[in-house]
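need the 3D shape of this:
(one chain, ligands or ions: 1)
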Amino acid sequence: MPESLFLKTCNGLVSTQKPVWFMRQAGRYLPEYMEVRNQFKTFLDFVRDSEAAAKVTVQPVDRFGVDAAILFSDILVLLPTLGINVNFFLGIGPQIENAIQTEKAIAELKDPNLEKELFYTKEAIEKTQNLLKGKTPLLGFIGGPLTLASYAIEGKTSKDLHQVKKLFYQNPNAYHSLLMKISEAAGEYLSLQAKWGCDALVVMDSWAGHLSVEDYQKMAFPYSKRAIEIAKSKNVPILHYANGAGHLLQEFLKLPASGFGLDWRTSLENALADHPNVTFQGNLDPATLFAPKEIIQRRVREILELTKNRPHIMNLGHGILPGTPIEGVQAFIDAVRKYG
Ligand code: CP3
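Residues are numbered from 1 along each chain as shown. Predicted structure coming up:
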């Protein structure tokens with residue numbers, strides 16, 4: 001797909017137009033998504049139905065003409081392949097039945113057979129590519145190993161990663177063997193998504209920001225690096241996103257990725273100035289999409305001004321929030337098209 005603005009930018013080319021897509025671009029704020037969502041009892045039933053997943057993946061492309069589609073799935077689909085069972089509850093979020101905290105539990109994890117157990121992802125990628133007809137690149141993704149481990153260990157979304165840090169300090173060998181298992185599986189899954197037809201990949205390390213610089217170096221970086229290195233051989237661009245992680249910028253930029261998403265608390269201006277050869281993505285505060293059109297327009301123009309002459313991917317600093325007005329999303333895209 002040589003003409004894709006998004007892929008060209010991932011490869012470091014500067015063009016007059018900036019590509020734009022959104023994390024969580026398929027979701028509850030879209031009525032056409034809700035129509036498909038309501039046909040399923042649980043979120044996992046929905047994700048595992050490859051036809052439904054393909055359908056909602058292309059919805060934001062059809063409605064807004066975004067420059068990339070992201071496969072409708074979840075980072076947590078990897079955990080059941082290791083024997084860690086996940087359920088999603090509306091309004092509560094993901095819950096793990098058997099949180100993994102002991103050496104014994106780690107030793108008992110399954111060796112995953114990803115081609116078999118994530119066959120529905122292969123099908124969803126193929127069906128999505130048929131709908132996209134080679135016009136828009138498709139992104140596959142994994143969770144960063146630290147983020148995946150946080151669900152495996154804490155059993156839910158954690159505000160502080162206390163249990164993760166406790167395991168690391170009290171039983172470093174157990175921590176290391178869990179993170180190795182997760183990073184191998186995540187790397188293999190990332191690689192498979194490219195093999196199955198994804199045009200680019202994203203590593204989402206949503207909870208890395210809970211770590212200090214020193215802890216990030218020991219608890220997260222080597223495992224993210226391992227996962228990315230496994231998928232590198234597929235020769236598709238790999239983006240990295242960490243949330244709340246401005247203090248870790250110097251560290252995660254050492255990962256072998258093509259581009260780096262920034263959350264909105266991180267100064268894009270400083271990041272651009274300090275790292276002249278890096279491709280960044282982001283980083284408008286997702287809540288800005290609730291603002292009047294004029295404010296959204298002004299913020300977009302500010303980012304476009306800062307990133308002039310740089311390869312840059314327009315996006316938010318995290319996923320689209322539930323209840324976001326469609327007009328806000330449209331105003332963001334219109335401003336990128338008009339000014340960027
Ligand atoms: O459009 C897209 O971005 C693709 C689909 C996608 C989802 N989750 C769908 C989803 C992607 C890329 C993810 C990644 C994901 N999942 C991350 C990393 C990115 C981030 O947001 O920080 C994380 C940490 C998760 C874990 C997760 N999944 C949580 C915490 C929740 C519950 C919170 C919520 O928003 O409801 C989910 C569920 C989930 N994943 C939903 C969607 C659309 C909502 C469930 C539903 O519609 O019933």
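
whatever residue of the stretch 201-340 of the chain ends up closest to the ligand: neighbouring residues, count only.
Residue of the stretch 201-340 of the chain nearest the ligand, by CB to the nearest ligand atom: Ser206 (3.2 Å). Bear in mind the C-beta positions are built from the backbone N, C-alpha and C, glycine included. Ser206 has 23 neighbours, counted by other CB atoms under 10 Å.

give me the neighbour count for Gly209.
When neighbours are defined as other CB under 10 Å, Gly209 has 18 of them.

in contact with it: list those residues for me.
Listed by CB atoms under 8 Å, 6 or more residues apart in numbering, the contact set of Gly209 reads Ala242, Asn243, Gly244, Ala245, His247, Leu248, Asp263.

follow-up on the earlier one: if I look at the residue of the stretch 201-340 of the chain closest to the ligand, how far off is Asn315?
14 Å (CB to CB, to the nearest Å).

same deal with Ala194?
With distances taken as CB to CB, Ala194 is found 21 Å from Asn315.

more neighbours, those two?
Higher neighbour count among Ala194 and Asn315: Asn315, with 28 against 21, using other CB under 10 Å.

what sits against that one?
Val20, Trp21, Phe22, Met23, Gly261, Gln281, Gly282, Asn283, Leu284.

what's the answer for Ile153, then?
Residues near Ile153 by CB under 8 Å, 6+ apart: Ala99, Ile100, Gln101, Gln163, Val164, Leu167, Leu178.

quick check: residues of the stretch 1-150 of the chain near the ligand?
23-28, 37, 43, 70, 72-76, 88, 93-94, 141, 143 (CB under 6 Å from any ligand atom).

quick check: chain neighbours aside, which residue is closest to whichever residue of the stretch 51-200 of the chain sits closest to the ligand?
Proximity of the stretch 51-200 of the chain to the ligand (CB to the nearest ligand atom) peaks at Gly93, 3.8 Å away. With CB to CB, 6 or more residues apart in numbering as the criterion, Gly93 has its nearest non-adjacent residue at 5.2 Å, and that residue is Thr157.

show me which of the contacts of Ile153 has the smallest pLDDT value.
Of all the contacts of Ile153, Gln101 carries the smallest pLDDT score, 88.

is the residue of the stretch 51-200 of the chain closest to the ligand in a bridge, and if so with what?
Counting by DSSP bridges, Gly93 forms beta bridges with Phe89.

wait, doesn't it sit right on Lys156?
Yes - assessed by CB atoms under 8 Å, Gly93 is found in contact with Lys156 at 6.5 Å.

returning to what we had before: and the residue of the stretch 201-340 of the chain closest to the ligand, how far is that from Tyr241?
Ser206 is 8 Å from Tyr241, by CB to CB.

one more: Arg265?
Taking CB to CB, one finds Arg265 at 13 Å from Tyr241.
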